[in-house]
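In: fold the following.
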Amino acid sequence: MLSTVPVSAQVNVPPHLLFRGSPAQPRAPFLSPLDRDRLKPHGARNKLRIGNFLTFSGSPGIWGPSSTNSALLAVAEINARGGILGRELELAMYDSGGAIEDVVQRARDAVEFDEVDIIMGSHISAVRVALRKITRGRVPYIYTPVYEGGERTPGVMAIGEVPRSQTRPAIHWLAETKKALRWYLIGSDYVWPWQSHRSIKTYIAEAGGQVVGEEFVPVGEDHHEAHLARIRAARPDVVLISLIGTDSITFNRAFAEAGLAATTLRLAGAMDETVLLGIGADNTENLFCASGYFNSVGSKANDDFMSRYTDMFGAHAPPVGSVGQSNYEGIRFLQAAAERAGSLALRSLEAAGGNLVYAGARGAVTIRNGRADMPIYLCEADGLDFSVIRTF
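Out: So this is what the prediction gives:
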C-alpha cells in the first residue's frame, strides 16, 4: 500500500519524495505526493530515482529522522548544482523495519513498479542480506552504515566502518591504556553482531585479553536483569556492546542503574549522539565508542556539514550521528562514482566505486578494493556529548 503525506519542512531545493510502507508504521517526515512522471514508461523521465530504505520502526527506528534529514540535505545540495550527470535526484523512501519478507516485497516493488534507479540505505545487515537478492544484476545497491565487513555481492557497495578498522584499534588502546584484559560481549541476535564478534575475539586475543562471556539478545529486548547478573558474575574489565538503537539505550541505562558503570568499562560499536541522548547524562560513566563519525569532531568538513544541517532543519532538528549521517555519505559516494564512471549503469558504477576518493562530512574517504578507509575516532561519553580522545 502506498502512503504519502505533504511536505512539512522548509528546504532550499525540495526533492520529490515517496514513502512506501504500512500505514500503521510511523511515517517519514518531509514527504510529498507522487508526481505524474513516475507513471511514464521506464526511461521516459530524466530524474534519477533513489530508493532509500531507512528504518522508521522497531529498535533501529530511532535513526529514521536523522537519516531522512541527512539524505535530504545531500539531495538538495547536489540538485542545486545540476544533479548527477545532469539528472535531478528524486528520493523514494521505504521503511526497512518490520518483517524481513515485507521489506523484501517493498524492494521488489521499488525495482519492478516504482522503477528506482538505485537502492540505498542504512538498515540492519539482516535486511541487506535479503535485499541484495532482489537488486543483484538489476540495480546498484549502496549500503551506508557500520557493518560486519566482507560484502562482495556483485552490485552491492558498502561504505561503512568494519570491525578491523573500527574496533581493533580501540581494543588495543583499552588493553594498553586501561589494562583491560577481561571482555564480555553482548550483542543483538542477528548477522552484524554474530560476524563482528568473530573478528573481535581475534583482536582481543591479539591484545593479550580473554573473552569471559558472550550472549546475543533478541532485537527489541528491554529486560536486562538476567544479562546484567551474568556480566556481574563474570567480572569483566570491559563489556563490548553490539546492541542496536533503543536496545542499546535500555541496556546502558540498566547497566548504570545496577551500579556497574563505576567499575566496568563499556565499548559500544553502534552508538551515536542519538543513542547517547536516550541513555542520559547520568548513565554514561566509563562509556567509550569508536566510529568514523561524531558530530563533535572538529574538522572543516564536519563543521560545514553541521552548519548546513542546522540551516536546513533548524537548531532543534534530530541530532545527527554516525548512522544518520551515513545517508549523506551514501549520496556523496554515488555522485563521485557516477562522475568517475561517466555513467550510472550498474557495472560501470560498481567498477568506479571500488577504488575512489570522495568528500563528505567525514572529510576525504578513500575506497580501496571496495572497502572504506577513513579516520576512526575513539571517544568517551561526557554527559550527552562525545569527547575525542584518540584518532586512529
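
In: list the contacts of Lys179.
Out: Applying C-beta atoms under 8 Å, 6 or more residues apart in numbering, one finds that Lys179 lies in contact with Asp237. In short, each C-beta sits where N, CA and C put it, glycine included.

In: oh, I was asking about His172
Out: Residues counted as contacts of His172 (C-beta under 8 Å, 6+ apart) are 203, 206-207.

In: what's the PyMOL line that selects buried ones from those residues?
Out: The PyMOL command for the buried members of those (criterion: 16 or more other C-beta atoms under 10 Å) is given here:
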select buried, resi 203+207
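
In: go through the chain and flag its longest helix.
Out: If each helix of the chain is counted by residues according to DSSP state H, the longest one is helix 322-341.

In: all helices for the stretch 101-250 of the chain, in order.
Out: With DSSP state H, counting those that start in this stretch as the criterion, the stretch 101-250 of the chain has helices at 125-135, 163-166, 168-177, 191-206, 225-234, 245-257.

In: for the fourth one, the averaged confidence score.
Out: Helix 191-206 carries an average pLDDT of 98.

In: can you list the buried residues in it?
Out: Residues 191-193, 195-197, 199-201, 203-204 are the ones in helix 191-206 that count as buried (16+ other C-beta under 10 Å).

In: repeat for the fifth one
Out: In terms of neighbour count (16+ other C-beta under 10 Å), helix 225-234 has its buried residues at 227-228, 231.

In: closest to Ile142 out of these?
Out: Checking those against Ile142 with C-beta to C-beta, the nearest one is His227 at 34.6 Å.

In: returning to what we had before: distance to Ala180 for the contacts of His172 - can I get that in CSV?
Out: Listed next are these as CSV, based on distance: C-beta to C-beta, whole Å:
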residue, distance to Ala180
Tyr203, 12
Glu206, 13
Ala207, 8
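
In: so which of the contacts of His172 comes closest to Met306?
Out: Within the contacts of His172, the smallest distance to Met306 is 31.6 Å, found for Tyr203 (C-beta to C-beta).

In: just checking, that closest one touches Ala175?
Out: No: the pair Tyr203 / Ala175 is not scored as a contact, 9.5 Å apart, by C-beta atoms under 8 Å.

In: what about the closest residue to Ser57 other than its chain neighbours, how many neighbours?
Out: Closest residue to Ser57 apart from its sequence neighbours, by C-beta to C-beta, 6 or more residues apart in numbering: Gly97 at 3.5 Å. If you count neighbours by other C-beta atoms under 10 Å, Gly97 ends up with 24.

In: go on, Ser59?
Out: Per other C-beta under 10 Å, the neighbour tally for Ser59 reads 23.

In: got the contact list for it?
Out: 188, 219-220, 244-247.

In: of the buried residues of helix 191-206, closest to Thr264?
Out: Distance to Thr264, by C-beta to C-beta, is smallest for Ile204 among the buried residues of helix 191-206, at 15.6 Å.

In: leaving out chain neighbours, which residue sits closest to that closest one?
Out: Trp183 (5.2 Å).

In: show me the beta-bridge partners of the one you found.
Out: Val211, Val238 (DSSP bridges).

In: about what we covered before: the contacts of Ser59: which two are farthest apart?
Out: Among those, Ser188 and Thr246 lie farthest apart (C-beta to C-beta), at 10.9 Å.
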